[in-house]
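Student: Got a sequence here, can you build the structure:
(2 chains)
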Amino acid sequence: MASHRSVCFSCREPVQGPVCVGCGALQPPPASPDPFVLFGLPHRYHLDAADLDARYRTIARATHPDRFVSRPAVDRRMALQWTAALNEARRVLKDDRIRARWLATGRAAPRETGGPALDPAFLAEIFEWRERDEDQPGAMHELATESRHDLFVKMEAEFSAWEAGSGTLDHIEDHLNRLTYVEGLLRSHSEA
Amino acid sequence: MAYSNKVIDHYENPRNVGSMDKNAEDVGTGLVGAPACGDVMKLQLRISDDGIIEDAKFKTFGCGSAIASSSLVTELVKGRSVEFAMSINNAMIAEELKLPPVKIHCSVLAEDAIKAAIADFKQKRAKKADAVAAASAASE
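Tutor: The predicted structure follows:
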């Protein structure tokens, strides 16, 4: 695990990891909102889920509020901050869509407004799927499922190139916005 | 959640369902969508030379509120001016249909569709004006 802080906030001795070996004080979680930093992971879309879980468990065990019940209030507060930070970071990293958006835009959630509008040609395509579905029930589900697959393949390729040091993440947000639409369609349609 | 009577009325008897030729010079087409639910709404207006909306048609794939919102706006704008249509906003639609807060985005979609249709029409007009200007410049 990466050391987040060089000096213990309490006893000023050098410290590695979340808990000071000298005085036992729990250090605050890293100030950076970067979920990769918290787990000591490089910025990569491709991620080993089992490794992430193992890292999560190691830090969660070391910083768990139960360990600090007999410690001063400041440690108990820190423990709660660690819990919140760990859960949020794991939420971002676990979901392919959220992790992709974070890497491409630095945000975990789509922009509420002012974001790039969806390509009109894409909307026309969706409209066509739905019209086709009227004559041929199930056609839309098939087309949308295919489109979802394509979008993941495209994102995968773009991230692979980027991780290899060639290429940008310029189209990821557009792919994700389309994916949100297609998955919304699949969801609302399967509920109907 | 209970739909209001107006929503049910528009949903069961939608007005002005259909489509027009999107390539026609006097037709503006607005195509908008709601990513979260996958709804998609197409609204078309036929507009006369003096800016009167002679006809309006829509086709919406979505929930009752989205269908009612688009049906209502086609009814509102028919026979009215483009300026009037531009003044329609989602709050008016939501109030008229008594939409609950979770369905406000349906009225936003209808407002966006009207504005997109008018923008498309104006763009066609501008292109046509450019073409006429270019043709007269070339003949001189």
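Student: how about residue B:33, secondary structure?
Tutor: Assigned with DSSP: H, G, I helix; E, B strand; the rest coil, residue B:33 falls in the strand class.
Student: and it, what does it touch?
Tutor: If a contact means Cβ atoms under 8 Å, 6 or more residues apart in numbering or on different chains, then residue B:33 has A:118, A:123, A:126, A:181, B:39-41, B:109 as its contacts. Any C-beta I mention is one placed from the backbone N, CA and C, and that applies to glycine too.
Student: number of nearby residues for residue A:31?
Tutor: Applying other Cβ atoms under 10 Å in any protein chain shown, we find 9 residues neighbouring residue A:31.
Student: And for residue A:139?
Tutor: Neighbours of residue A:139 (other Cβ under 10 Å): 16.
Student: Next: residue A:144.
Tutor: Residue neighbour count, defined by other Cβ under 10 Å, stands at 22 for residue A:144.
Student: Dihedrals phi and psi, the residue of chain B found nearest chain A?
Tutor: Closest approach of chain B to chain A (Cβ to the nearest Cβ) occurs at residue B:38, with a separation of 3.0 Å. With angles defined as degrees, to the nearest 10, residue B:38 sits at phi 80, psi 10.
Student: Next step: the contacts of residue B:33 restricted to helices.
Tutor: A:123, A:126, A:181, B:109 (DSSP state H).
Student: ok so, going back, tell me the one of the contacts of residue B:33 nearest residue B:139?
Tutor: residue A:123 (39.3 Å; Cβ to Cβ).
Student: Where does pLDDT dip in the chain?
Tutor: All of this is about chain A. For chain A, the stretches flagged by pLDDT under 70 are A:1-5, A:112-117, A:190-192.
Student: ah, I was thinking of chain B
Tutor: Across chain B (using pLDDT under 70), the flagged ranges come out as B:1.
Student: For the residue most central in space within it, give me its contacts.
Tutor: Residue closest to the mean C-alpha point of chain B, counted by Cα atoms, centre = their mean, is residue B:114 at 3.2 Å. For residue B:114, the contacting residues are B:30, B:43, B:45, B:73, B:77, B:85-86, B:88, by Cβ under 8 Å, 6+ apart.
Student: Let's see if you can find the most crowded of the residues you listed.
Tutor: Busiest of the contacts of residue B:114 [other Cβ under 10 Å] is residue B:43, holding 29 neighbours.
Student: That one in helix, strand or coil?
Tutor: Classification of residue B:43 by three-state DSSP places it in strand.
Student: And for the closest residue to it other than its chain neighbours, the neighbour number?
Tutor: Leaving aside its sequence neighbours, residue B:43 sits nearest to residue B:113 (Cβ to Cβ, 6 or more residues apart in numbering or on different chains; 3.9 Å). With neighbours defined by other Cβ under 10 Å, the count for residue B:113 comes to 28.
Student: now residue A:154
Tutor: Residue A:154: 16 neighbours (other Cβ under 10 Å).
Student: residues in contact with it?
Tutor: Residues near residue A:154 by Cβ under 8 Å, 6+ apart: A:171, A:175.
Student: Give me the residues contacting stretch B:119-126.
Tutor: B:25-30, B:45, B:47, B:82.
Student: Dump those residues to TSV, plus distance to chain A and secondary structure.
Tutor: What follows is the contacts of stretch B:119-126, written out as TSV (distance: Cβ to the nearest Cβ, whole Å; DSSP: H, G, I helix; E, B strand; the rest coil):
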residue	distance to chain A	secondary structure
B:25	19	coil
B:26	20	coil
B:27	15	strand
B:28	13	strand
B:29	10	strand
B:30	10	strand
B:45	17	strand
B:47	20	strand
B:82	21	helix
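Student: Give me the distance between the one residue in chain A that gets nearest to chain B and residue B:112.
Tutor: The nearest approach of chain A to chain B comes at residue A:185, 3.0 Å away (Cβ to the nearest Cβ). Look at residue A:185 and residue B:112: by Cβ to Cβ, to the nearest Å, they are 18 Å apart.
Student: and chain A, which residues reach chain B?
Tutor: With the criterion set to Cβ under 8 Å from any Cβ of the partner chain, chain A comes near chain B through A:118, A:120, A:123-124, A:126-127, A:130, A:177, A:180-182, A:184-189.
Student: Now which of those would you call buried?
Tutor: A:118, A:123, A:126-127, A:130, A:177, A:180-182, A:184-186, A:188-189 (16 or more other Cβ atoms under 10 Å in any protein chain shown).
Student: just to revisit the earlier point, excluding chain neighbours, what is closest to the residue of chain A closest to chain B?
Tutor: Per Cβ to Cβ, 6+ apart, closest to residue A:185 is residue B:38, 3.0 Å.
Student: Against residue B:109, how distant is that neighbour?
Tutor: 12 Å.
Student: Go ahead and produce CSV holding the CA coordinates of stretch B:54-66.
Tutor: Output of stretch B:54-66 as CSV, limited to C-alpha atoms (Å, rounded to 0.1, in the frame of the first residue of the first chain):
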residue,chain,number,x,y,z
GLU,B,54,-50.2,25.1,-40.3
ASP,B,55,-49.8,21.6,-39.1
ALA,B,56,-48.1,19.6,-36.4
LYS,B,57,-47.5,15.9,-36.0
PHE,B,58,-45.7,13.8,-33.5
LYS,B,59,-44.6,10.3,-32.8
THR,B,60,-43.3,9.5,-29.3
PHE,B,61,-42.0,6.2,-27.9
GLY,B,62,-42.2,6.6,-24.2
CYS,B,63,-44.4,6.7,-21.1
GLY,B,64,-47.9,8.2,-20.8
SER,B,65,-46.5,11.6,-19.7
ALA,B,66,-44.2,11.8,-22.6
